[in-house]
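Undergrad: Fold the following and give me the result.
(2 chains)
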Amino acid sequence: MPREAEPSANEKAFLLKALQDEQIRLDGREFDQYRPLELTFGDEYGVANVSLGKTKILAKASAEVTVPFADRPLDGIFTIATELSPMTAPHFEVNRPTETEVLLSRLLEKTVRRSGALDTESLCLVAGQKCWSVRVDVHVLSHDGNLTDAACFAVVAALRHFRKPDTSIENGVLTVYTPAEREPVPLGWLHSPFCVTWSFFGDEGETALLDADWMEEQVRVASVTISLNRHGEICQIAKLGGVPVEAVALLQCTSVALTKVKEFSTFLDGKLAEDAKRRDKGGFMAELRAENDRVVG
Amino acid sequence: MSTESPLVVLPGEVIDPSLIPTHKKNPLRLGPGLRHIPPSEIVPTVAGQLVVDHRKTSMWIEYNGGRYIPSQGDLIIGQIARSATDFYYVSLSPYTPNATLPHLAFESATKKTRPQLSPGELVYARVSLANRHMDPELECVNSSTGKADGLGPLKDGMVFDVSLGFARRLLMAKSREEGKVEVLEALGEEGLAFETAVGRNGKVWVGSESVKTVVVVGRALRETDERGLGVEAQRKLVKKLVREMR
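TA: All right, here's what the predicted structure looks like:
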């Protein structure tokens, strides 16, 4: 396994000097400014392509009918799979989880699964026998820092974009309709959580930055990831080791995070509306929705 | 150098024999990217622009690859990985085998007065030996004259990554006309004081008293490279960046 490429001593020293003495970042951003965020959806439902600067992530949501867990007969199954491969960066190996990978999947788990963003009860088809198993695969195409925020955004975008096949039950017989028969329906979505990661620099963690790129991540002394939705409900705050940071500073970070999450939320809503309009040629979508009355005869 | 319009070739293409320069006495010299298949075939092995020089009876291909392959005589910026008994292991690009740099390959170095370099430091060196079968070797001194010629450890400053093709254009003797790169001269004309070292392996070291100057130079280089700016656009970019700085 090749060892991760380390930045040189000159680069590390220069970055810290620029941050602490001159208060500038190497790419000229503000301390609380994200890199340009781009989001495109695929032709299939549930494919979201996110790029945050040079970090690129592809998330794909899919669903299949399966047997629910024995201890939860009324819930569907929801899993998020993140596997970092050499496509991300040459030092990652498949099936050998590194710290980055473990932390990424744990943060996504806590943010999206445990917070109940997706209503798993709505995934149940026949209690105890059949349910939907929704799975999101996160592929990191390029790693230039801040995988957590980009991956969480991609997962939420993919899930909100995804449509599962429509179903109906008559006399205990479950029918799953193909997209040609009935238009697929969206998932039961309760709230949209996003992650915001702060990085700290300096002996006491005085300097705080949003959205660190790869070089800044190598040099930081601590980091905290705050997950919340646009109503200000916090899903989790994770500060895993690192230099201790003032509590007041942490509270300030949380309030700035709320502003950023509101921006993310508006951006995602805009992109979803744009995509819906693109697909809704001729305005027939309203006619195709399964909630309409069926005309008999 | 005379080309009417750039001819782009793909690997394995047949080259029109009328383009090959001939001379009564000088043999034809092939540069990087071309391979001679006896008796008379010349085949490109990479995709790029075919360049023909009639004065020197030579031809080669200009291409922008992603991976740096060391060749003899190249100037590179390497990072010290670790120190062994008689030489340093120097990394030219991440995830490739290290090159070796002897401890005494510096100007007027003896066992007692040699520079002590620690892992993570940068050196500006020349490739003294490079072939496909061995790890490359470096030197920080001109072996015939014994002078450093600017080679050696690089202190402070910052190193930026650029594409290989851009690094080659920066290193050309007439970078303004042939390489179409004017960024560094334009920055100097705006009054910024800095020094640079360009490594053929896609790294440019920039040093200056002021941190802001280094950041501006780095951003100018990166934008020129990534967006493929022409000479006019480079000048506009430099003016914009300097204005933002002040």
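Undergrad: rest of the way, CA atoms for contacts and neighbours
TA: OK.
Undergrad: ok, which residues in chain B are in contact with chain A?
TA: Residues of chain B found near chain A (C-alpha under 8 Å from any C-alpha of the partner chain) are B:79, B:94-95, B:120-122, B:155-159, B:211-212, B:215, B:219.
Undergrad: And the residue nearest the centre of chain B?
TA: residue B:200 (2.0 Å; C-alpha atoms, centre = their mean).
Undergrad: Need phi/psi at residue B:140.
TA: Reported as degrees, to the nearest 10, the phi and psi values for residue B:140 are phi -110, psi 20.
Undergrad: swap that for residue B:80, please
TA: According to degrees, to the nearest 10, the main-chain angles of residue B:80 amount to phi -70, psi 120.
Undergrad: Disregarding residues adjacent in the polypeptide, which is nearest to it?
TA: residue B:90 (4.4 Å; C-alpha to C-alpha, 6 or more residues apart in numbering or on different chains).
Undergrad: partner residues bridging that neighbour?
TA: Counting by DSSP bridges, residue B:90 is bridged to residue B:80, residue B:99.
Undergrad: hang on, the residue nearest to the centre of chain B packs against residue B:164?
TA: Yes: Residue B:200 is within contact range of residue B:164, at 6.6 Å (criterion: C-alpha atoms under 8 Å).
Undergrad: Strands of chain A, start to end?
TA: All strands of chain A, identified by DSSP state E, fall at A:37-41, A:47-52, A:55-66, A:77-82, A:124-126, A:130-142, A:163-164, A:167-170, A:173-176, A:185-186, A:194-201, A:207-210, A:222-228, A:234-238.
Undergrad: partner strands of the fifth one, parallel or antiparallel?
TA: The strands beside strand A:124-126 in its sheet (DSSP bridges) come out as strand A:130-142 (antiparallel).
Undergrad: Count residues in the vicinity of residue A:171, would you?
TA: Other residues near residue A:171 come to 5 when the count uses other C-alpha atoms under 10 Å in any protein chain shown.
Undergrad: And for residue A:64?
TA: Neighbour count of residue A:64, defined by other C-alpha under 10 Å: 12.
Undergrad: circling back: from the residues of chain B next to chain A, which ones fall inside helices?
TA: In this view, the residues of chain B next to chain A that belong to helices under DSSP state H are B:211, B:212, B:215, B:219.
Undergrad: what's the first one in contact with, if anything?
TA: Remark: with contacts taken as C-alpha atoms under 8 Å, 6 or more residues apart in numbering or on different chains, residue B:211 is in contact with A:17, A:18, A:22.
Undergrad: The last one now?
TA: When contacts are counted by C-alpha under 8 Å, 6+ apart, residue B:219 is found next to A:26, A:27.
Undergrad: and it, how far is that from residue A:194?
TA: Distance from residue B:219 to residue A:194, counting by C-alpha to C-alpha, to the nearest Å: 30 Å.
Undergrad: and what of the first one?
TA: Using C-alpha to C-alpha, one gets 35 Å for the distance from residue B:211 to residue A:194.
Undergrad: next one: the third one
TA: As defined by C-alpha to C-alpha, residue B:215 lies at a distance of 32 Å from residue A:194.
Undergrad: Can I get the contacts of residue B:211 in TSV including neighbour count?
TA: Putting the contacts of residue B:211 into TSV (neighbours: other C-alpha atoms under 10 Å in any protein chain shown) gives the following:
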residue	neighbour count
A:17	14
A:18	18
A:22	12
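Undergrad: re earlier: which among the residues of chain B next to chain A count as buried?
TA: B:79, B:120, B:121, B:122, B:156, B:157, B:158, B:159, B:211, B:212, B:215, B:219 (16 or more other C-alpha atoms under 10 Å in any protein chain shown).
Undergrad: What is the neighbour count of residue 238?
TA: Just so you know, I chose chain A. For residue A:238, the count of nearby residues is 14 (other C-alpha under 10 Å).
Undergrad: Chain B is the one I meant
TA: Around residue B:238 there are 25 residues (other C-alpha under 10 Å).
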